[in-house]
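In: Predicted coordinates and the sequence they were generated for:
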Number of protein chains: 2
Amino acid sequence: MDNRKIILQCALELFYKRGYDATSVQEIVEKAGITKPTMYYYFKSKLGLLEALIQEKGEPLLQAVCEVPMRLESFEGQLYELARLYMSFCRRERHFYFFMLGQMYSPPENEAHKATAPFIRKQYALITDTFQRAEGYLGNMNGRQEQFAIGFLGTINCYMMVYNEKSMENMLRDENIHAVVHQFLHGIYS
Amino acid sequence: MDNRKIILQCALELFYKRGYDATSVQEIVEKAGITKPTMYYYFKSKLGLLEALIQEKGEPLLQAVCEVPMRLESFEGQLYELARLYMSFCRRERHFYFFMLGQMYSPPENEAHKATAPFIRKQYALITDTFQRAEGYLGNMNGRQEQFAIGFLGTINCYMMVYNEKSMENMLRDENIHAVVHQFLHGIYS
DNA sequence: TTGCCATTATACCAATCGGTATATAAACTG
DNA sequence: CAGTTTATATACCGATTGGTATAATGGCAA
């Protein structure tokens, strides 16, 4: 099999379990069954390895989020579709998603944070656009579009954390997707 | 001044900026203007230093959260008081709070995560109790008390992240406290 | 003064860190 | 076949890591 992909996968699992800083290059190459120069041949540094990981695992999510408004006209429909998208992605790429989630809250001066920040900012920008386009439907948001985006993704992430501790199998059922969006739109009452 | 407290404060600022793993003992003692054996005299290890930090900075928050239901009868009043408490604490101990927030999402096998997990679990337990006691008011929650607790704290944390990037001065105004709890209870509509 | 105990520093440890110079093996190219 | 490129390993680098053995302070009690 392709050594490059093996390295990426092993690195992801170790980054997820131990974090970027705490994972040594030595551990990665041992797990991958290769040696250091091989890793430095494909990725010019430990940071380069992380960047490649973000690029190759993250791009499909950004692409999918991008395409949602092109397929759906209703604002609420877009929200449901986004929730479904994120939960589906999180189930498929669980280690990657929770690793990124952790980086989001990690110190801004951190090397790993800087590598992850653009990917996360792109997500927020796309979701903020979704609220921006709903201006006629939601009324005047007083520039709180980004706050809504953060709150929306935050609510989804809370749910995913809950399901992560039980099982993620049921998470994708329509009633659960509905519950997340409903909580964001209408709160826990009703 | 007390060297012990200087070490704790310097460690916190470095942990916040760079993360626990990426911060070396050498950096801490240099910033504190002392040498390594002094640090190892007060805290027997780097991990011991972190544990002392969590204990001494975190205990007041747990204590305050504990006392909320003793002072207030109304469920919604308790929620407002909790939101005010967290925002006030976050403003007073900003570096500590965001450091803990980052640890919450960090890998479970991580040494630093294990040290912070009990503190975070205690918080969730106390908030879960608040929802449990509101059973008569909220109706049957079908065992979703903990999910509500996670969602409630999650919503508050999202708001604090938003205010952290602007200014935290206005965060404590009554209308903002109200907005957070209202979003949790009634959603972004209404 | 004497002795004890709390506090701090000098100087060091083995282990590990990210990264590389160099050599080699295999595969493609002419 | 020879020459080049791609892919991999051995063996090493200086720097830094968390941690400590040892000794010197300083103040306080007897």
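Out: Noted; the coordinates are in hand.
In: Name the nearest residue to A:Glu111, ignoring sequence neighbours.
Out: Distance criterion Cβ to Cβ, 6 or more residues apart in numbering or on different chains; nearest residue to A:Glu111, sequence neighbours excluded, is A:Leu47 at 6.2 Å. Yep, even glycine has a C-beta here, placed from its N, CA and C like the rest.
In: What average pLDDT does the one helix or strand the one you found maps to get?
Out: Using DSSP states H and E, A:Leu47 falls within helix A:46-71. Mean pLDDT, computed over helix A:46-71, is 97.
In: which helices and strands does that helix pack with?
Out: helix A:3-18, helix A:75-92, helix A:94-104, helix A:111-133 (3 or more Cβ pairs under 8 Å, 6 or more residues apart in numbering or on different chains; DSSP states H and E).
In: Could you check how far A:Arg84 is from A:Asn176?
Out: Separation of A:Arg84 from A:Asn176 (Cβ to Cβ, to the nearest Å): 10 Å.
In: A:Phe184 and B:Ile188 touch, don't they?
Out: Yes: if you go by Cβ atoms under 8 Å, A:Phe184 and B:Ile188 touch, sitting 6.7 Å apart.
In: Between these two, point out the one with more neighbours.
Out: Shown here are A:Phe184 and B:Ile188; by other Cβ atoms under 10 Å in any protein chain shown, A:Phe184 has more neighbours (25 against 18).
In: And A:Arg84 and A:Asn176? Which one has more around it.
Out: Just comparing A:Arg84 and A:Asn176: by other Cβ under 10 Å the higher neighbour count belongs to A:Arg84, 18 against 15.
In: which SS class is the closest residue in space to that one that isn't next to it in sequence?
Out: Leaving aside its chain neighbours, A:Arg84 sits nearest to A:Ile177 (5.1 Å; criterion: Cβ to Cβ, 6+ apart). Classification of A:Ile177 using DSSP: H, G, I helix; E, B strand; the rest coil returns helix.
In: A:Ile177 - how many residues pack around it?
Out: 23.
In: What of the one 5 residues further on?
Out: A total of 17 residues lie near A:His182 under the criterion other Cβ under 10 Å.
In: How about A:His95?
Out: Per other Cβ under 10 Å, the neighbour tally for A:His95 reads 16.
In: Could you do A:Thr128 as well?
Out: 17.
In: So it is in contact with A:Ala149, correct?
Out: Yes: using Cβ under 8 Å, A:Thr128 is in contact with A:Ala149, at 4.3 Å.
In: how much space is there between the residue nearest to A:Glu111 and chain B?
Out: Between A:Leu47 and chain B the distance is 13 Å, computed by Cβ to the nearest Cβ, to the nearest Å.
In: In contact with that residue: list those residues for me.
Out: A:Glu111, A:Ala112, A:Ala115 (Cβ atoms under 8 Å, 6 or more residues apart in numbering or on different chains).
In: and if you look at A:Gln78?
Out: Taking Cβ under 8 Å, 6+ apart, one finds A:Val68, A:Pro69, A:Leu72, A:Thr130 in contact with A:Gln78.
In: The residue nearest to A:Glu111 and B:Asn170, how far apart?
Out: 37 Å.
In: Nearest residue to A:Ala11 in space, please, no chain neighbours.
Out: For A:Ala11, ignoring the flanking residues on the chain, the nearest one in space by Cβ to Cβ, 6+ apart is A:Ile28 at 5.0 Å.
In: And the average pLDDT for the helix or strand where the one you found lies is what?
Out: Element membership for A:Ile28, per DSSP H and E: helix A:25-32. For helix A:25-32, the mean pLDDT works out to 97.
In: ditto for stretch A:117-128
Out: 97.
In: In CSV, list the C-alpha atoms belonging to it.
Out: Provided in CSV are the C-alpha atoms of stretch A:117-128 (Å, rounded to 0.1, in the frame of the first residue of the first chain):
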residue,chain,number,x,y,z
ALA,A,117,-7.2,28.1,12.0
PRO,A,118,-7.7,28.8,8.2
PHE,A,119,-9.7,25.6,7.8
ILE,A,120,-11.9,26.5,10.7
ARG,A,121,-12.3,30.1,9.6
LYS,A,122,-13.4,28.9,6.2
GLN,A,123,-16.1,26.9,7.8
TYR,A,124,-17.4,29.8,9.9
ALA,A,125,-17.3,32.1,6.8
LEU,A,126,-19.4,29.6,4.8
ILE,A,127,-22.0,29.2,7.6
THR,A,128,-22.0,33.0,8.2
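In: Residue numbers of chain A in contact with DNA strand D?
Out: Counting by Cβ under 7 Å from any atom of the strand, chain A comes close to DNA strand D at A:Asn3, A:Arg4, A:Ile34, A:Thr35, A:Lys36, A:Pro37, A:Thr38, A:Tyr41, A:Tyr42.
In: Out of those residues, which end up buried?
Out: Buried residues within the residues of chain A next to DNA strand D, counting neighbours by 16 or more other Cβ atoms under 10 Å in any protein chain shown: A:Ile34, A:Thr38, A:Tyr42.
In: dump the residue contacts of the residue nearest the centre of chain A.
Out: Central residue of chain A (Cα atoms, centre = their mean): A:Tyr97, 4.5 Å from the mean position. A:Tyr97 sits next to A:Phe89, A:Cys90, A:Met160 when contact means Cβ under 8 Å, 6+ apart.
In: cool, and A:Asn110?
Out: A:Asn110 makes contacts with A:Asp21, B:Arg18, B:Gly19, B:Ala22, as judged by Cβ under 8 Å, 6+ apart.
In: and the first one, what does it touch?
Out: Under the criterion of Cβ under 8 Å, 6+ apart, the contact partners of A:Asp21 comprise A:Asn110, A:Glu111, A:Ala112, B:Gly19, B:Asp21, B:Ala22.
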